[in-house]
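>>> got a predicted structure here, sequence first:
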Amino acid sequence: MELKVAEICGESRVFREDGLKLRREIERQWSRAEVIGVDFQNIRIASASFLDEGIAVLGLMLSVDEIKRKLKIRNITEPDRALLNHLILSRARERNAGTHMP
Amino acid sequence: MGRPEAGQIRWYPEAVSAPSESLIQLPTRATVEESFQVLNACEQIERLGKVLAIDASTTTMFGPMGVALLALALARRRTAGLPDLTLRKPESGEARRYLEEVGFSRFLTSEHANENPSAGTLEMRHLFQLVPVYTEQMARLIADRVPGTPEEVSYLIQLCLNELLQNVFEHAESKEGCFVLARWYAKTRSVRIAVADGGVGIPAALRRKGIAGLQRRNDADVVIEAVTRRGITSRLGTKQGGFGLKLLREAVTERGGKIVVLSSTAKVVFKRAVPQKPKSRLFRGTAIELDFRPLAPTPAPRAEEVF
């Protein structure tokens, strides 16, 4: 299963609402697909809100290992990859510490 | 007086002979460091109906936040139905050039206030929504001015603009929108970005969210919480958030820079050390200036990676 960010989110890839479209699609495919590819097509995102809501928030519900096993992130720019890693690990720490505010 | 060409400031010779009581005096440095004095001038701009001009003759330096605050005050003056002001130009050539570069004259009169600046310039913008193409253009433009600027610098500028503008348009409720200025300083090889809005302010936005422990704290301490504590957000309902300002603080201070936040009665300066809380005047809104050296060496990336 391959999800293309630009196809799901269109031209706007900045806001949380944009990221939510991506996460909804990931969640829809979660139980159906063995592996979910997320293709950023080398388009620069540069938005913590988008990457957090689109993917990193999964870290509040799932372990980092589960996310790594299921999601394959492709063609993401290097700065976006670094930011996404940072956000996922932050969300994982919140989950582990039980500090997540619903 | 004819309409000026793009990038050419419109000065007002009639202001030169205006009596002193009809002038609003700007401080010598209209910068973030002198925000107290700039806010004093802004208050007069917003409220005094009989004044004719802003006197910048003794101002030797302008900075992004100073100019953005002045533009916001002029917008509020128009909203209040007060007459346009003219500008008594700075005697300092450097200060005059700065005002020309940022296109300040467009903000003096209602005639040109919301006119889009020329494409491909770093003129100040008056925005009423976050336009992703604008943040991308600005980031690339600043990076293009410095040959050899790595991709990550342009990325960082875009990230900063995106986060600051999202904060404005998702939380601030500013009738005047916001004023945005991004500048590259060749001498210090630093980037300064300022965003000023006329909204409810960070302390009020967070207090009404009912976050425990914030109700009894002063404005400066609430701002410190907003910029340093993860998960603090004024987003409505159960929506996620509260990352933007913290990320920016980390990114900026790791590069030897600082963030200054003016909001309500607070002024807070974030550097690597403990935040400083200099005295400030009441400001109805939030203004944030980032000042960092994007080419400064940063700590090695953390070993743990997910993707």
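Structure's in. What do you need? Numbers count the residues shown, from 1 in each chain, chains lettered A, B, ... in the order given.

>>> pretty sure B:Ala172 sits against B:Ala196.
No: using C-beta atoms under 8 Å, B:Ala172 is not in contact with B:Ala196; the gap is 10.2 Å. Using the backbone N, CA and C atoms, a C-beta is placed for each residue, glycine as well.

>>> check contacts around B:Ile202.
B:Val222, B:Val223, B:Ala226, B:Ser234, B:Val261, B:Ser263, B:Ser264, B:Ala266, B:Thr286 (C-beta atoms under 8 Å, 6 or more residues apart in numbering or on different chains).

>>> where's A:Ile67 relative to A:Ile55, distance?
8 Å (C-beta to C-beta, to the nearest Å).

>>> mean confidence score for the helix ranked longest in chain A?
The helix that spans the most residues within chain A, counting by DSSP state H, is helix A:78-97. In this model, helix A:78-97 has a mean pLDDT of 92.

>>> about what we covered before: of the contacts of B:Ile202, which is the nearest to chain A?
B:Ser234 (12.7 Å; C-beta to the nearest C-beta).

>>> list the contacts of residue 56.
I'll assume chain A. A:Leu84, A:Leu87, A:Ile88, A:Ser90, A:Arg91.

>>> actually, chain B is the one I wanted.
Contacts of B:Ala56 by C-beta under 8 Å, 6+ apart are B:Leu26, B:Ala30, B:Leu87, B:Arg88, B:Lys89, B:Pro90, B:Ala95, B:Leu99.

>>> can you check B:Glu289 too?
B:Val32, B:Gly63, B:Pro64, B:Met65, B:Arg192, B:Ile193, B:Ala194, B:Ile259, B:Val260.

>>> widest-spaced pair of those?
Greatest spatial distance in the contacts of B:Glu289: B:Gly63 and B:Ile259, 14.1 Å, computed using C-beta to C-beta.

>>> interface residues of chain A facing chain B?
Contact residues (C-beta under 8 Å from any C-beta of the partner chain) of chain A with chain B: A:11-16, A:44, A:46-49, A:52-53, A:57, A:64, A:67-68, A:71, A:73, A:76-90, A:94, A:99-102.

>>> before we move on, the earlier item: just the buried positions in the longest helix of chain A, please.
A:79-92, A:94-95 (16 or more other C-beta atoms under 10 Å in any protein chain shown).

>>> for that helix, packing partners?
The contact analysis (3 or more C-beta pairs under 8 Å, 6 or more residues apart in numbering or on different chains; DSSP states H and E) places helix A:78-97 against helix A:48-54, helix A:64-70, helix B:151-167.
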